[in-house]
Every structure is written in C-alpha cells, then in structure tokens.
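Novice: After the sequence you'll find the predicted model.
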Protein chains: 4
Amino acid sequence: MKKKDMSKQTKIQDAVAAIILTSGPAAVSTTKVAKQVGIAQSNVYLYFKNKQELIDSVYQREIAQIMGTTNLQLLTDQTIPIPKRIQYYIQQVYDYSLAHPDSLTLLQQIKSLKGQDLELLPGVNDPNNVVVQLLTSAIQAGVIKNLPVSLHMSLVFSIIHTHTSNLNAGRYLASAYSFADIYQLIWDGMKK
Amino acid sequence: MKKKDMSKQTKIQDAVAAIILTSGPAAVSTTKVAKQVGIAQSNVYLYFKNKQELIDSVYQREIAQIMGTTNLQLLTDQTIPIPKRIQYYIQQVYDYSLAHPDSLTLLQQIKSLKGQDLELLPGVNDPNNVVVQLLTSAIQAGVIKNLPVSLHMSLVFSIIHTHTSNLNAGRYLASAYSFADIYQLIWDGMKK
Amino acid sequence: MKKKDMSKQTKIQDAVAAIILTSGPAAVSTTKVAKQVGIAQSNVYLYFKNKQELIDSVYQREIAQIMGTTNLQLLTDQTIPIPKRIQYYIQQVYDYSLAHPDSLTLLQQIKSLKGQDLELLPGVNDPNNVVVQLLTSAIQAGVIKNLPVSLHMSLVFSIIHTHTSNLNAGRYLASAYSFADIYQLIWDGMKK
Amino acid sequence: MKKKDMSKQTKIQDAVAAIILTSGPAAVSTTKVAKQVGIAQSNVYLYFKNKQELIDSVYQREIAQIMGTTNLQLLTDQTIPIPKRIQYYIQQVYDYSLAHPDSLTLLQQIKSLKGQDLELLPGVNDPNNVVVQLLTSAIQAGVIKNLPVSLHMSLVFSIIHTHTSNLNAGRYLASAYSFADIYQLIWDGMKK
DNA sequence: TATGAATGAGTGTTCATTCAT
DNA sequence: AATGAATGAACACTCATTCAT
C-alpha cells in the first residue's frame, strides 16, 4: 500500500539509496536504477534533469528527513542551559541514527563520490546553522573546549555513526551499550 | 629529479592517489591515470594486473607508509604505563597525519569505493593488531571507557582527520591549535 | 525492399552470418557487425545481451530454419518403410543444403568457435531426436550397419556439405551430379 | 627428458596446438602461448615472423607428421590392385587418427579460423597428390563411384574423424568397433 | 638467444543522455 | 507520463608487434 502510494520520484530515489548502500556510490547508474524500479531507463529523466541532480536529490531528501525529525526549538530554547541543549542534540542524532541506520552511511557515501572530504553535514560552515550556533555559544560560554566547531561535530557524528554501523553489522547487540554510555564518551570529549 | 628516479609503478600509484584526492575514487580510470603519467593506457597493465589491484596497491602503500612511520615498540612496551602508551599512539597518528595530510583521506576514499563503510584502518578487527591490543588492555585495566575498541579508534581517527582536513582546506592555521588541544579532546573522551 | 521490412535484430544476425562466412567466426566483432548494419556499436546490445548470445541466436536461427523446412512427419510415419524414410531424410538435408548453401557451413563454423568439434547438429545425442530415433530403429531392424548413430549422421552431413561447398565454390556444375548419385554413396555406406 | 631435448620452436608449436584443442583457434594469442611455454611474449617472434606464420607452421607440422607416417609407396605401387591400395590408404588414415587422436581435429580447427570451409586436407585439388591420383585412377577404372574425388576423401576423413572424436570423448570403447567395421562403411560408400 | 618495456589498435561492454512516438 | 530506440563516449582489458638492451 505504501509502495503503491509512493510516487515514481520517490521510488527512484529509494533505488539509488539501495544501490549506494549495497554496492557503493560508484555503482549507481540510470540503467540499474531504472531496472530496479521497473521503468524504462529514459524515464529517469522525466523526474530528474540528470544523474547528478538525482543523486543530489537523494542527499537532500536524507538531510530533509533528519531536519524533519530534529526538534530545532529544543536546541534554540535559551531558557534551557547549554549543556542540556547539547545533550538533546546528541540524543537526537543518536535516536535518528538508530532509527535510520543507513542514513549517515548514505550521506557519507554520496559525499565521497565527488572527492575531497567535505563536512559531514551541510551547514557546518553555515553560521546560521542551529547546531553551529549552539556549539559556538557553548565555546564562548566556556562550556565546551575551545576547538573548531567542526571537530565537535565530527566527534558526535563519527562516534554515533561507528556505533550504528557496528550494530548494523551485528558486531554487538544494541542492548550492550546504552545511550548514556555513548553520550558519556562524546560529552567528556567536548566539555571543558 | 625525484620524478626521474621514480619507477613507473610508483608514478602510476601517485597518479591514482592524485585523482582520488581531487575527483573522488569513482573518477579513477586507467585512461586518466595513463594520461597523467604520460604513458599509453595499456601500459598500466604492465605494472598492475587490473584496476582493482592497482587501487589496492595504492591502499597498501599508504598503510605500509603509516606502519613504517609508526614506532610499534613504544606501544607494546609493558614498562610504559598504558595511558602514556595511548598518548604516544595518538601523537603518532597526529604527527603522521600532519606530515601526510592526504593520507587518511586517501584511505577513507578508497574504502568507500566498494560500498559500506568499513573500519578506517585494517586490523581493527584483528586481535593481533597492536593498537587493538593496547586499547583492549586499557579497557580491562579500567583506564579507558568500557566501549567497543572501534569506537575509541574512530574517535582518534575522526578527530585527527577532521583537524588535518581543516588545515588542508585552510580553514584555520596550524598554529591555532596545538597537539595538546587535540589530544585533550580525544583523551577526555576515551578515559574512564 | 526486403531489407526495409527486416527488423534490426534480423539485420544484425545477417551481418554476423555474412562475416562468419567470409572471414571466419573469429572475425566477428560487435564493431564490424554494427558497421555492416550501419548502426552504432552500442546498438548491438539493445538487441542482444552480449556477443555470445548474438552468435548463439544466429546458430539457433539456422537450426530453426532447418527444422522448419524439415517434414518430421514423413520421418516418423511408421507406415513408411524405414529405408524409404531414411531416403526422405537424406533428400531433405540435400534439398535444404542446396537451397541454403551456406547454412551447414555456418553451423559448422559457429561450432568450431568454442573449440573441440562437437556434433554437427544439435540433438545428435538427444535420444528424443527424430533422426536419432529413426536411425536407431534402422540399426535394430538390421536395415543399416550396426555403427554409432553419429557415424551415420556424419556420413550424411559431410557428404552433402562437401558437395554443396564444391558447388558453391564453382568446382563443378550442379547438373554434373544428381541427388541420386549423392544418395547412392550415402546409402551404400549406411545400409547393411 | 624428451621435453628437455625439444627446441623452443617445438615447445611453442605444442602450446599453440594445446590451446587450440582446449579453447578453440580464436583463443590463440602470443601472450597465452608464451605464458604456457614459460618464455617472454616477445620471444615468440624470435622463432616465428608473426602469429599467422606460427599457426601455419603448426598446421604444416601436423601435415608433415601425417605424411611421415604414411607409406606412400604402398599407395603408388602399381602391382597392387587399386581396391587394396585404397584399403591401405583408409587403414593408414585410421591408424594415424587413432594414434594421434587430436590431429584431425587440430587441422580442422586451424582451417576454420580463416573462414570458408576449405578442403579438409591440403592437396585435395593438387593433381599430383598421391591420394587424389589413386582415387582418380579408381574412378577411371570403374572401381569406385564416379563422384568428385573430394567427396570420397570427405567420406574417409569425416567418418574416421567422427569415430576418433567419439572415442576421445569416451562415448564408447575402442574395442566396440573394429577397423573392419569402419572400413566397411567407407568402402561400401565409395565402391561402384 | 632472450627479455622487458612500450604502444596503438582493437575487444566487449556500460553509460548518460536525447528524441520521436 | 511513458517508452524504446538510438548514439557517442567512456570503460577495463587484451592483442600483435617492435625495439633497445
């Protein structure tokens, strides 16, 4: 039913994501995507201008999903102390990553396609970015270490991503480590 | 001069590394590699059985270089307290990464070629691996947190890699942060 | 005109057959085939999964044509005496071979591509094969010599094929020898 | 020991023959040949001007071997009656083919490389050819059917070749059929 | 005699993209 | 909205051949 309701556009994006996750980003081709969706190859171009836009859209969709799941108000609420807000942030990334175990991997894979290691998430350099603002304030307030924001964010993402990948690969059970355990490592690293 | 002395094999590997770093691992093709080296495309196959072996060799070369620069004795020397040995380890990764700013990126890119994010360094699952042993002992001794070794390693690599990439991209000066700063974040995260 | 009506698929197969007959099976390449048909090389893959399937299809087409021209009922009609049925069989091969002078050559050439000389026609080892059944019955009835069926079939095909090739090469006129002449040699060899 | 005494030239020819018999004539390449012999690829060109000459030499060598094993005097001895001489001829082909089970196959494969089905053996059109002379005389003497000599020769070769191939493929035991059985079929076909 | 390095042409195959229907 | 046919460019890889050593 859900499948039935899904637009072709979505189906195509799903196929791209699936191919990336199973065979790597270099394996994505309109041929394979179309075959997987069950449409003609040329059909892909009805929904996406070209391959790059298709892949970009998959990236954007993933970002949008993260943003949609994220409670930005919690992070900007000045009435909540900064450490608490950072904890919320970490928890949100953690929860999202567990709920969508392939999401971070997918983003990282797409990034690697083009070369050069870019920031793990968009907006790391965007001063308007909510998280960047939160962490910047935290540095100024002397709450977390005076290090580049990107280092703090990298800490959050790499630890959670590695943890999720481990779970995904069955290297240990989800019950083996709680959020508190993971959070402790991250926060100990960040905090001043 | 140096170029003159270099064997074709090395030149080819260099070209592969360069292409990966500038255009991503998917952009590597025997055609481009040969063109960059200034030889006929078929010539690549005189030195490498196939493309995969070529790329693998670039990976192995990078690993070998890291290993060559690493002082393993320091890490296994039982007379040195564990925290000190871990510090040596972090310092070695840090120094290497600064001296070879593309090395970690290169390794990460090659890994991502095939899909699925594997461990950043080989031997993470290899119990004989010196670093794995060191960290395992550290956990048993209650020196660092009781979390998967891969999480601790991921912490080390992602922080140092992000830092190096930032420097490489000119986001801030190398003098802006000392090793001590970086180390502090990592060690605070790890230590119990 | 006929060319206009022919599907691309057929044209491609025709080109393959032509190349095999003029330059041998090893000379078949998608490049040459496409050039001969007047299409892009990649176009071949719209109609055939790969080169092997293309060549196989040419083989199958030839077999199908033979089967289509063959009156199998005559060969299985138990009311007709076995020698007469064998004569019909020989006559059918003869007529077909004269009408399609390249057909047997084509089949033989394709067979030789892969190495080892296989049976000249498919189904020589297939006990369900009508001809095999006919000849087997003939042996049991003591009508033809008690020798492997493949020898009898080889006799039929090699004599007729050589004769047709001779005609094709203009070594003598078709009028020089009648079917009766050819048949006599074959039948004398087979019969007990 | 024998191998040690063999000249490189011979070893190369052997490799070509082996490749043809196992993988078909199209699979012959200087690369594979050299690898099989254990020499450098370029080395092949020390002994043969080019690939064609190499393959031709393998062909010639096979022919020469047949000729060497054949007792030509028996076939031209006018004191022996023609039917007896033809029987000797058939027996010689038979014996040779059993002793060198791949020889006829090899010759046929090489022929097929170039396209067009040529005569099965060289000299079929050469009036000086001993066998052609024998069969021509036989026709004139009214001993065998008045059909093209090539048909008679094709009869001999195809039957014996098919029989040998069957043995080679283990389709039946050599003891299952005697020379007399095979000879009977051939001679019944030829004789007037 | 023997080799390894070199190369240009060729192989089969896949690709992203376009276009008429 | 959807398709199939078409294509040129790229791909990895193999080849026959040459040449300096």
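Specialist: On my side now, so go ahead.

Novice: Which stretches in chain A count as helices?
Specialist: A:2-5, A:8-23, A:30-37, A:44-47, A:51-69, A:72-76, A:82-99, A:103-113, A:130-140, A:149-168, A:179-190 (DSSP state H).

Novice: Low-confidence bits of chain A, can you list those?
Specialist: For chain A, the stretches flagged by pLDDT under 70 are A:1-5, A:115-128.

Novice: quick one, domains of chain A?
Specialist: What automatic domain parsing lists as the domains of chain A is A:1-61, A:70-192.

Novice: Would you reformat the helices of chain A as CSV and include distance to chain D?
Specialist: C-betas here are computed from N, CA, C, even on glycine. Formatted as CSV, these follow (distance: least, CB to the nearest CB, whole Å):
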stretch, distance to chain D
helix A:2-5, 48
helix A:8-23, 31
helix A:30-37, 29
helix A:44-47, 38
helix A:51-69, 37
helix A:72-76, 64
helix A:82-99, 51
helix A:103-113, 36
helix A:130-140, 58
helix A:149-168, 43
helix A:179-190, 55
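
Novice: any chance of those helices in TSV, with distance to chain B and mean neighbour count too?
Specialist: Formatted as TSV, these follow (distance: least, CB to the nearest CB, whole Å; neighbours: other CB atoms under 10 Å in any protein chain shown):
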stretch	distance to chain B	mean neighbour count
helix A:2-5	24	6
helix A:8-23	5	19
helix A:30-37	13	16
helix A:44-47	19	16
helix A:51-69	11	16
helix A:72-76	21	13
helix A:82-99	13	18
helix A:103-113	4	22
helix A:130-140	12	18
helix A:149-168	3	23
helix A:179-190	3	19
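
Novice: For chain C, find the nearest of those helices.
Specialist: Comparison of these against chain C by CB to the nearest CB identifies helix A:30-37 as nearest, at 10.8 Å.

Novice: which residues are in contact with that closest one?
Specialist: Applying CB atoms under 8 Å, 6 or more residues apart in numbering or on different chains, the contact partners of helix A:30-37 are A:8, A:11-12, A:15-16, A:18-19, A:40-41, A:43-45, A:51, A:54.

Novice: With stretch A:45-56 instead?
Specialist: Contact partners of stretch A:45-56, identified using CB under 8 Å, 6+ apart, comprise A:8-9, A:12-13, A:16, A:25, A:28-30, A:33, A:44, A:57, A:110, A:113.

Novice: Just the closest of the residues you listed to residue C:104, please.
Specialist: When the contacts of stretch A:45-56 are ranked by distance to residue C:104 (CB to CB), residue A:29 comes first, at 42.7 Å.

Novice: Not counting residues beside it along the chain, what's closest to the residue nearest the centre of chain A?
Specialist: With distances taken as CA atoms, centre = their mean, residue A:104 lies nearest the centre of chain A, 3.9 Å away. In this structure, residue A:104 finds its nearest non-sequential neighbour in residue A:161, 4.5 Å apart by CB to CB, 6 or more residues apart in numbering or on different chains.

Novice: so what's the one you found up against?
Specialist: Residue A:161 makes contact with A:97, A:104-105, A:108, B:117, B:154, according to CB under 8 Å, 6+ apart.

Novice: Any chance of JSON lines for those residues, columns distance to DNA strand F?
Specialist: As requested, these are arranged in JSON lines below (distance: CB to the nearest atom of the strand, whole Å):
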{"residue": "A:97", "distance to DNA strand F": "33"}
{"residue": "A:104", "distance to DNA strand F": "28"}
{"residue": "A:105", "distance to DNA strand F": "24"}
{"residue": "A:108", "distance to DNA strand F": "23"}
{"residue": "B:117", "distance to DNA strand F": "22"}
{"residue": "B:154", "distance to DNA strand F": "30"}
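
Novice: how far does stretch A:138-157 stretch from start to finish?
Specialist: Start and end residues of stretch A:138-157 are separated by 18 Å (CA to CA, to the nearest Å).

Novice: got it, and stretch A:67-81?
Specialist: Criterion CA to CA; first-to-last residue distance in stretch A:67-81 is 22 Å.

Novice: now check stretch A:21-37, is it near DNA strand E?
Specialist: Yes - in terms of CB under 7 Å from any atom of the strand, part of stretch A:21-37 sits within range of DNA strand E, namely A:27-32.

Novice: Report the two of these separated the most.
Specialist: Pairwise over the residues of stretch A:21-37 next to DNA strand E, using CB to CB, the maximum falls at A:27 and A:30, 12.1 Å.

Novice: OK, contacts around the residue of chain A lying at maximal distance from its centre?
Specialist: Going by CA atoms, centre = their mean, the residue of chain A most distant from its centre is residue A:40, 30.7 Å out. Counting by CB under 8 Å, 6+ apart, residue A:40 touches residue A:34.

Novice: Also residue A:106?
Specialist: By CB under 8 Å, 6+ apart, the neighbours of residue A:106 are A:17, A:20-21, A:58, A:62.

Novice: cutoff 6 Å now
Specialist: Counting by CB atoms under 6 Å, 6 or more residues apart in numbering or on different chains, residue A:106 touches A:17, A:20, A:62.

Novice: how much space between it and residue A:114?
Specialist: Distance, residue A:106 to residue A:114, by CB to CB, to the nearest Å: 15 Å.

Novice: Also residue A:103?
Specialist: To residue A:114, residue A:103 is 19 Å away according to CB to CB.

Novice: Equivalent analysis for residue A:102, please.
Specialist: 20 Å.

Novice: Show me which of the two is the more surrounded one.
Specialist: residue A:102 (19 against 14; other CB atoms under 10 Å in any protein chain shown).

Novice: Next, the distance between the ends of stretch A:131-151.
Specialist: For stretch A:131-151, the first-to-last residue distance is 13 Å (CA to CA).

Novice: Touching that stretch from outside, list them.
Specialist: Contact with stretch A:131-151 is made by A:75, A:82-83, A:85, A:124, A:152, A:190-192, B:159, B:162, B:166, B:185, as judged by CB under 6 Å, 6+ apart.

Novice: Just give me how far that stretch sits from the chain centre.
Specialist: Here stretch A:131-151 is found 20 Å from its chain centre; the criterion is CA atoms, centre = their mean, to the nearest Å.

Novice: picking up where we left off before, quick check: which of the domains of chain A is nearest to residue B:181?
Specialist: Nearest to residue B:181, of all the domains of chain A, is domain A:70-192, at 6.2 Å by CB to CB.

Novice: What separation is there between the residue in chain A positioned nearest to DNA strand F and residue D:99?
Specialist: Here chain A gets closest to DNA strand F at one residue, residue A:42, 2.7 Å apart by CB to the nearest atom of the strand. In this view, residue A:42 and residue D:99 are 62 Å apart by CB to CB.
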